[in-house]
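K.L.:
requesting a structural model of the entry that follows:
(2 chains)
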Amino acid sequence: MYVAVKGGEAAISNAHRLLADRRRGDRSLPSVTIDQIAEQLGLAVDRVMAEASLYDRSLAALAVRQSRGDLIEAIFLLRAYRTTLPRFGNSVPLDTAEMQVERRVSATYKDLPGGQLLGPTFDYTHRLLDPSLLSDEAVEEPARREAGGEEIMRVSDILAHEGLIEADGELPQDHQAGDLTREPMEFPMGRDLRLQALARGDEGFLLALGYSTQRGYGRNHPFVGEIRIGEVEVEMEIPELGFAVSLGHIRVTECHMVNQFKGSSKAPPQFTRGYGLVFGQSERKAMSMSLVDRALRAEELGEDVTAPAQDEEFVISHSDNVQATGFVEHLKLPHYVDFQAELAMVRKMRADIEAARTADRGETVMKDAAE
Amino acid sequence: MSVAEQTLPTEQAGRRRCASLLAVATTDELRAAWDALKDKPETKPVRGPETGLVMVRGRIGGGGSPFNLGEATVTRATIALASGTVGHAQALGTDKQKAKLAAIFDALWQEDATRDHVENVLLAPIEHRVATENRAKAEETAATRVDFFTMVRGED
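P.N.:
You can find the predicted model right below:
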């Protein structure tokens, strides 16, 4: 039962005023700017863009500032903002082979065309706190080396030459890419819809599920074929012009997972694949996504569905952190009347039990006396 | 093949190049080019500037069927010059001033009288800046390339 209750306006207004004060913090310190957040907390901004499913660095930085660094709150803010805008159209599918690569590593081939490019990575750091960052010491410019201009070939293309790996993932010719922001979700869903859900899914949730597959809950024997991070061009068809033009560039992270082979009496064994593509720089998310994408293909590949990560409805229904936080956090809103009802019921049950016990005891006393 | 069919792809390629450079222009670059115009044209807004979304698509496995990756903000504008030439602009982000100026330059690029100005004062410098930035990024990345060498162990 829902009952409208009035009151609390002044408390709410003062609470928001207090929130603004705490967000600003100590006034003797300079306040952070949107540009500073976008530049110096860039990976937090990337996470907000990825899970809000909206690429806009400035707005994501604003959301991080407004939410005091609570990233799920920031994601919520950006999701809410996107609902206020009309959609002009769909982009031409990104061509990640044409990426301006900033990082590219493969765990399957040591020497491969384009090489192992470490880029700006946390890998191989010793994870020791750096006291030089306590102050504002000057940072040296990056080293440079002449770029060879060598094509950075996809690892899947190398394997494909020998027919050792399955194709990229073709849906039937007449299939229209599904859009979960437009149509309600239905299970089972196509791999295209699953990838859309995973691309905006919570990093922590996907990380845990990916980890669970490694620990044996739906094991799929993964190798990182390739991770690449860099900028790709976004193009859109302009009806007035009759052809596609560039809208600019976005940074994405792509992960190709190479997984255990599958074959049959008709087809020789081939490696299978999982795919991850995420806005911004986030290889943890892209790797987790590709593990979960592969796990969710269990049925398609004739594997037994035994583990949580292979359960499409379970994974996709719980991967969205805005939905999840909405339902979990709504529990703190007033449930006074529901609770009053439960309270009355518990009291009545206790009273009934107590009454029955008293009656029992009375009977026993009478019986004893009679004997 | 007719002359029209031959020239069309070239004209289209030129327009595509112009649009892609205008999309990565900064508002400062556009404003400076506008200030440098001797005769400021009269322009009529046709549409926008307005901000909306483009659904960015990826491909399964990098080259397979398309899927919806997520949206991006995009701002577009359409203007008309007094001559009737229509300019369009569209770029990622929410900068309306940029979209409006870019639409004007898209129109000016189509006019014979002003194409050279747009090329020399705006497009060529942007092209140069972008190439310089891309080269710097490529060289910084190349410096992080691993040069494997094999340690020889044992005798010989």
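
K.L.:
okay, strands next: where are they in chain B?
P.N.:
With DSSP state E as the criterion, chain B has strands at B:43-59, B:66-81, B:86-92.

K.L.:
Throw those into a markdown table and include distance to residue A:309, thanks.
P.N.:
Every residue, glycine included, has its C-beta placed from N, CA and C. Listed next are the strands of chain B as a markdown table, based on distance: least, CB to CB, whole Å:
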| stretch | distance to residue A:309 |
| --- | --- |
| strand B:43-59 | 22 |
| strand B:66-81 | 20 |
| strand B:86-92 | 34 |
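
K.L.:
export the ones you listed to CSV and tack on distance to chain A and mean neighbour count?
P.N.:
Listed next are these as CSV, based on distance: least, CB to the nearest CB, whole Å; neighbours: other CB atoms under 10 Å in any protein chain shown:
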stretch, distance to chain A, mean neighbour count
strand B:43-59, 4, 19
strand B:66-81, 4, 24
strand B:86-92, 4, 24
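
K.L.:
for the residue nearest to the spatial centre of chain B, what are its contacts?
P.N.:
Centroid check for chain B by CA atoms, centre = their mean gives residue B:20 as the closest residue, at 2.1 Å. Applying CB atoms under 8 Å, 6 or more residues apart in numbering or on different chains, we find residue B:20 in contact with A:233, A:245-246.

K.L.:
compare those residues and tell me which is most surrounded.
P.N.:
Highest neighbour count within the contacts of residue B:20, by other CB atoms under 10 Å in any protein chain shown: residue A:245, with 24 neighbours.

K.L.:
am I right that that one is in a helix?
P.N.:
No. Per DSSP: H, G, I helix; E, B strand; the rest coil, residue A:245 lies outside any helix segment and is strand.

K.L.:
for residue A:33, phi and psi?
P.N.:
phi -100, psi 160 (degrees, to the nearest 10).

K.L.:
with just CA atoms, put stretch B:13-20 into CSV.
P.N.:
Output of stretch B:13-20 as CSV, limited to C-alpha atoms (Å, rounded to 0.1, in the frame of the first residue of the first chain):
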residue,chain,number,x,y,z
ALA,B,13,35.8,13.3,-51.4
GLY,B,14,36.5,17.0,-51.1
ARG,B,15,33.4,17.6,-49.2
ARG,B,16,34.1,14.7,-46.9
ARG,B,17,37.6,15.9,-46.2
CYS,B,18,36.2,19.4,-45.5
ALA,B,19,33.6,18.0,-43.1
SER,B,20,36.0,15.8,-41.2
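
K.L.:
hang on, the earlier thing: format the strands of chain B as JSON lines; extra columns: mean pLDDT.
P.N.:
Shown next, in JSON lines, are the strands of chain B (pLDDT from 0 to 100):
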{"stretch": "strand B:43-59", "mean pLDDT": "96"}
{"stretch": "strand B:66-81", "mean pLDDT": "97"}
{"stretch": "strand B:86-92", "mean pLDDT": "96"}
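
K.L.:
residue A:140: neighbouring residues, count only.
P.N.:
When neighbours are counted by other CB under 10 Å, residue A:140 comes out with 5.

K.L.:
cross-check the contacts of residue B:20 against chain B and keep the overlap.
P.N.:
A:233, A:245-246 (CB under 8 Å from any CB of the partner chain).

K.L.:
between those residues, which sits nearest residue B:90?
P.N.:
Nearest to residue B:90 among the ones next to chain B among the contacts of residue B:20: residue A:245, at 7.0 Å, using CB to CB.

K.L.:
quick one: contacts for the closest one?
P.N.:
So residue A:245 contacts A:235-236, A:238, B:15-16, B:19-20, B:23, B:90 (CB under 8 Å, 6+ apart).

K.L.:
look up the pLDDT of it for me, please.
P.N.:
Residue A:245 is assigned 94 on the pLDDT scale.

K.L.:
who does it form a beta bridge with?
P.N.:
residue A:236 (DSSP bridges).

K.L.:
ok, the one 5 residues further on next?
P.N.:
Per DSSP bridges, the residues bridged to residue A:250 are residue A:232.

K.L.:
my guess is it contacts residue A:279. True?
P.N.:
Yes. Shown here, residue A:250 and residue A:279 form a contact pair, counting by CB atoms under 8 Å, at 6.8 Å.

K.L.:
now the common contact residues for those two.
P.N.:
Both residue A:250 and residue A:279 are in contact with residue A:55, where contact means CB under 8 Å, 6+ apart.

K.L.:
ok, the two, which is more surrounded?
P.N.:
With neighbours defined as other CB under 10 Å, residue A:250 and residue A:279 compare such that residue A:279 has more, 29 against 22.

K.L.:
quick check: the more buried one vs residue A:19, distance?
P.N.:
Applying CB to CB, to the nearest Å, the value for residue A:279 to residue A:19 is 28 Å.

K.L.:
and residue A:337, by the same measure?
P.N.:
Taking CB to CB, one finds residue A:337 at 28 Å from residue A:19.

K.L.:
ok, now residue A:331?
P.N.:
Relative to residue A:19, residue A:331 is positioned 21 Å away (CB to CB).

K.L.:
would you map the strands across the stretch 201-350 of chain A?
P.N.:
Secondary structure of the stretch 201-350 of chain A (DSSP state E, counting those that start in this stretch): strands at A:223-238, A:243-262, A:270-279.

K.L.:
just those strands: most buried one?
P.N.:
Highest mean neighbour count of those: strand A:270-279, a mean of 26 (counted as mean count of other CB atoms under 10 Å in any protein chain shown).

K.L.:
all helices for the chain, in order.
P.N.:
In the absence of a named chain, chain A is used. Residue ranges of the helices in chain A, as given by DSSP state H, are A:9-24, A:34-40, A:42-52, A:57-66, A:71-82, A:155-161, A:191-199, A:203-214, A:283-295, A:312-318, A:321-329, A:336-370.

K.L.:
wrong one, chain B
P.N.:
In chain B, the helices defined using DSSP H lie at B:3-23, B:27-35, B:96-110, B:112-117, B:124-142.

K.L.:
of the strands of chain B, which is nearest residue A:142?
P.N.:
Comparing the strands of chain B by CB to CB, strand B:86-92 comes nearest, at 25.4 Å.

K.L.:
quick revisit: between the strands of chain B, which one is nearest to residue A:189?
P.N.:
Across the strands of chain B, closest to residue A:189 is strand B:66-81 (CB to CB), at 11.2 Å.

K.L.:
and the closest one, which strands flank it?
P.N.:
Each strand that pairs with strand B:66-81, with its direction, by DSSP bridges: strand A:54-55 (parallel), strand B:43-59 (antiparallel), strand B:86-92 (antiparallel).

K.L.:
could those go into JSON lines alongside distance to residue A:127?
P.N.:
Output for the strands paired with strand B:66-81, formatted as JSON lines (distance: least, CB to CB, whole Å):
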{"stretch": "strand A:54-55", "distance to residue A:127": "30"}
{"stretch": "strand B:43-59", "distance to residue A:127": "32"}
{"stretch": "strand B:86-92", "distance to residue A:127": "35"}
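
K.L.:
to residue A:177, which of those strands lies closest?
P.N.:
strand B:43-59 (6.6 Å).

K.L.:
and residue 132, how many neighbours does it have?
P.N.:
This is for chain A. Residue A:132: 9 surrounding residues under other CB under 10 Å.

K.L.:
chain B was what I was after
P.N.:
Using other CB under 10 Å as the criterion, residue B:132 is surrounded by 10 other residues.

K.L.:
quick one: it from residue B:125, how far?
P.N.:
Going from residue B:132 to residue B:125 by CB to CB gives 10 Å.
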